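Engineer: Sequence first, predicted coordinates after that:
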Amino acid sequence: MTKDVIIALDFPTKEETLRFLDRFPAGEKPFVKIGMELFYAGGPETVREIKARGHKIFLDLKLHDIPNTVKRAMSVLSGLDVDMVNLHAAGGSAMMKAALEGLTRPDGTRPLLIAVTQLTSTDAAALKNELLISASMAETVLSYAKNAAVSGLDGVVCSPLEAALVKERCGKAFCTVTPGVRFAGGDVGDQKRVMTPEKAGRSGCDCIVMGRPITQAKDPVEAYRQAVREFLG
């Protein structure tokens, strides 16, 4: 997987999203993430319109249900021609294998499928006291990542703090997509496990996901370019 910066399009409407994308020059088409907020507001047509503009799309819906339901949902998402989709690794191996089967088109092609390990808003205290997981954060993320790899998935979503460990245990080809990335001195918001683009670029991250530090910047295009410069070195 080619290293890249993915912009999280966390906008409430399709119109606001397209106005944001219109700020980029015609030849500059960032890789973008469409999450639950935008997908629930604009639906599949918004995905199709952004794809038609030439953007690669990570459809971030984090599916988590019984295997048959996830399989059927993935078969629908496979028709949207996105580049990457995800689910929660906590759903287990049977669910992940079913998702992969549903996502694969009759001609054998499919988007990349990655699994969310632990959200970057979850810290060690919440892991232990609320989720009742006694293993450390690193051990939990690695266990989920190994389950995803054995199930045939292409990679995981993890914090940049765990990316190098995932690569070490699951192989260099196993992709790591990492939210929780902020510019030095920036507001971390509700993220708990964060890193700068520069450090993420040296830590085994294949793709970093950045939303508010880019979308809410005074000059979003320059903020995106700064993220690319820092991440790619």
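Structural biologist: That came in fine, so what should we check first? For clarity, every value in this text was computed on a predicted model and none was experimentally measured.
Engineer: Tell me where this structure has strands.
Structural biologist: Per DSSP state E, the chain carries strands over the ranges 4-8, 31-34, 57-63, 84-88, 112-116, 155-157, 175-178, 207-210.
Engineer: and the gap between residue 22 and residue 12?
Structural biologist: 17 Å (Cβ to Cβ, to the nearest Å). C-betas here are computed from N, CA, C, even on glycine.
Engineer: do residue 76 as well
Structural biologist: 23 Å.
Engineer: Give the burial count for the nearest residue to residue 92 once chain neighbours are set aside, as a bare number.
Structural biologist: Of all residues not flanking residue 92 in the chain, residue 147 sits nearest, at 7.5 Å (Cβ to Cβ, 6 or more residues apart in numbering). Counted with other Cβ atoms under 10 Å, the neighbours of residue 147 add up to 19.
Engineer: residue contacts, the closest residue in space to residue 169 that isn't next to it in sequence?
Structural biologist: Once flanking residues are discounted, residue 169 sits nearest to residue 142: 5.6 Å by Cβ to Cβ, 6+ apart. Going by Cβ atoms under 8 Å, 6 or more residues apart in numbering, residue 142 touches 162, 165, 166, 169.
Engineer: got those as CSV, with pLDDT, neighbour count and distance to residue 66 columns?
Structural biologist: Below are the contacts of residue 142 laid out as CSV (pLDDT from 0 to 100; neighbours: other Cβ atoms under 10 Å; distance: Cβ to Cβ, whole Å):
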residue, pLDDT, neighbour count, distance to residue 66
162, 92, 26, 28
165, 95, 18, 30
166, 96, 27, 27
169, 94, 14, 28
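Engineer: Just confirm residue 35 contacts residue 46, I think it does.
Structural biologist: No - using Cβ atoms under 8 Å, residue 35 is not in contact with residue 46, being 11.5 Å away.
Engineer: list the buried ones in stretch 110-128?
Structural biologist: Across stretch 110-128, burial judged by 16 or more other Cβ atoms under 10 Å covers 110-120, 122, 127.
Engineer: Adding distance to residue 61 and pLDDT, write the residues you listed out as TSV.
Structural biologist: Output for the buried residues of stretch 110-128, formatted as TSV (distance: Cβ to Cβ, whole Å; pLDDT from 0 to 100):
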residue	distance to residue 61	pLDDT
110	15	98
111	12	98
112	14	98
113	12	98
114	12	98
115	13	98
116	10	97
117	16	96
118	18	88
119	14	85
120	17	79
122	19	87
127	23	92
